[in-house]
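Engineer: quick one, fold the following:
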Amino acid sequence: MEWIKEGLKLLISRSDKEQLEFEKYNSLLVLRRIRLISLATIFLSVFWACMDWIIIDKGADRIYTTTLIVMHTISEVASAAFLIFYRRITANAKKNYRTIIIVIKVYVFLYILFGALSSINSQRYTGNIYSYIILLLITAIAFTLKPSFMIWAFGVNHIVFFIGLSILCKDTGQFLTKMVNATIFTGAAFLLCFIFYRNRMLEFFYRKQLKENEKELSNYAFIDSLTGILNRRMGSKKLEDLFKEAQKTSMEFVLCYLDINDLKYVNDTYGHNEGDRYILTFCDIIKDVLKEEDIFFRMGGDEFIVVFKDRNKEQVENIWNGLVKKIHEKNAHGELPYQIVVSHGLIYYRTGMDCSLEEMIEKADILMYKEKQILKKNINT
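Structural biologist: The predicted structure is shown next:
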């Protein structure tokens, strides 16, 4: 019974958050199945009415027929009421989660109870317990809820069935036979329920892990592995999308082409680890001034592009001056064995301007290169 141990381990090894996440998923799945069975019950109402008429016509006793009609009527009314309120209950699943859980548990408990009462009532006419057994198996397969609740629901209803059967079944041998059979099927139903619940949980967390892996792979495809910002491929796509949007709707933005000066010197002198530190320090400084809607990506090597959305050139120049001040402060502290020096080129765009995205990037690159040459001259002199 190793698989049972593994199943129990699975049920108790998950965190409360993970368990709640699965329970919400499972509850909505069960709720949809209840909806299908409610629809089936409504469609079968004519069949049940015909069956009740035939049974009455054949002279079944009054208590049996009255009980049968009442139970069928209750099931039809309950199914109709459930279908009426189904959309309201599921309209906001997160908000109504507790309500959903209560509705499902009450439904499942009453579903088994109806099977038990139907079979108890059948002792007056047919003497079979088929209704109870059938509904037990349907419950186990269709309404797979948490085993702790299911064992309680099965147990309480089985006691009700035992008491009712002991009252109506006068033959001791038949009573024992029916109880043994019913108990075996109840145990089998719970075992099925446990298996389906365990497998559904395994499938849920397998799919969740698969999605997380896909997301991680997606990040590798679109995120620069060193800096954690967008890589050239994804950054260029976002920039293209923004440019297309700006051509159609009123918008302005500033494209800033950046270059980290003397990265090769740092790599050659202090090693590539220190070169990586240089890049990361630079990226951290840039990130501090960005808004959520801005775009920041690595073109490659020591070159980066920042797009400041909904800001003009003067505003971005002020931002840049603040960045330069931060860089000077960091250099003054002497945290790094070299000076952080960054060149930039700014190009402003607003809706209606006659230029392409490629031209903007090229112009920003040229401006950045001119500043780079000026900075080198200043250092040399």
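Engineer: so which elements touch the longest helix seen in the chain?
Structural biologist: Longest helix in the chain by number of residues, with DSSP state H as the criterion: helix 172-222. If contacts are counted by 3 or more C-beta pairs under 8 Å, 6 or more residues apart in numbering; DSSP states H and E, helix 172-222 sits against helix 2-13, helix 16-43, helix 130-142, helix 147-168, helix 232-248. For the C-beta atoms, the positions are set from N, CA and C on the backbone; glycine is no exception.
Engineer: hmm, try it at 10 Å
Structural biologist: Identification of packing neighbours for helix 172-222 by 3 or more C-beta pairs under 10 Å, 6 or more residues apart in numbering; DSSP states H and E yields helix 2-13, helix 16-43, helix 97-122, helix 130-142, helix 147-168, helix 232-248.
Engineer: so Pro337 touches Gly275, yeah?
Structural biologist: No. At 11.9 Å, Pro337 does not count as touching Gly275 under the criterion of C-beta atoms under 10 Å.
Engineer: what about the two, which has more around it?
Structural biologist: Neighbours around Pro337 and Gly275, counted as other C-beta atoms under 10 Å, are more numerous at Gly275. The numbers are 22 against 9.
Engineer: please identify the helix or strand for the more buried one.
Structural biologist: With elements delineated by DSSP states H and E, Gly275 resides in helix 272-287, which encompasses its position.
Engineer: need the CA coordinates for that helix. PDB is fine.
Structural biologist: Extracted as PDB, the C-alpha positions of helix 272-287 are listed here (Å, rounded to 0.1, in the frame of the first residue of the first chain):
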ATOM      1  CA  HIS A 272      35.400  40.300 -15.900                       C
ATOM      2  CA  ASN A 273      33.800  39.900 -12.500                       C
ATOM      3  CA  GLU A 274      34.600  43.500 -11.800                       C
ATOM      4  CA  GLY A 275      33.300  44.400 -15.300                       C
ATOM      5  CA  ASP A 276      30.000  42.700 -14.500                       C
ATOM      6  CA  ARG A 277      29.900  44.700 -11.200                       C
ATOM      7  CA  TYR A 278      30.400  47.900 -13.200                       C
ATOM      8  CA  ILE A 279      27.400  47.100 -15.400                       C
ATOM      9  CA  LEU A 280      25.200  46.100 -12.500                       C
ATOM     10  CA  THR A 281      26.100  49.200 -10.600                       C
ATOM     11  CA  PHE A 282      25.200  51.300 -13.600                       C
ATOM     12  CA  CYS A 283      21.900  49.500 -14.100                       C
ATOM     13  CA  ASP A 284      20.900  50.000 -10.500                       C
ATOM     14  CA  ILE A 285      21.500  53.700 -10.800                       C
ATOM     15  CA  ILE A 286      19.300  53.900 -13.900                       C
ATOM     16  CA  LYS A 287      16.500  51.800 -12.400                       C
END
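Engineer: per-domain residue ranges of this structure.
Structural biologist: For the chain, the domain assignment from automatic domain parsing gives the residue ranges 2-218, 232-380.
Engineer: out of those, flag the one nearest Leu226.
Structural biologist: Distances from Leu226 to each of the domains of the chain were compared by C-beta to C-beta, and the smallest falls on domain 232-380, at 6.0 Å.
Engineer: so what pLDDT did Leu202 get?
Structural biologist: Looking at Leu202, its pLDDT reads 88.
Engineer: what number of residues lie near it?
Structural biologist: Taking other C-beta under 10 Å as the neighbour definition, Leu202 ends up with a count of 13.
Engineer: for Ile104, same thing?
Structural biologist: By other C-beta under 10 Å, the residues close to Ile104 number 21.
Engineer: what bits of the stretch 1-150 of the chain have low per-residue confidence?
Structural biologist: For the stretch 1-150 of the chain, the stretches flagged by pLDDT under 70 are 1-15, 57, 59-60, 93-94.
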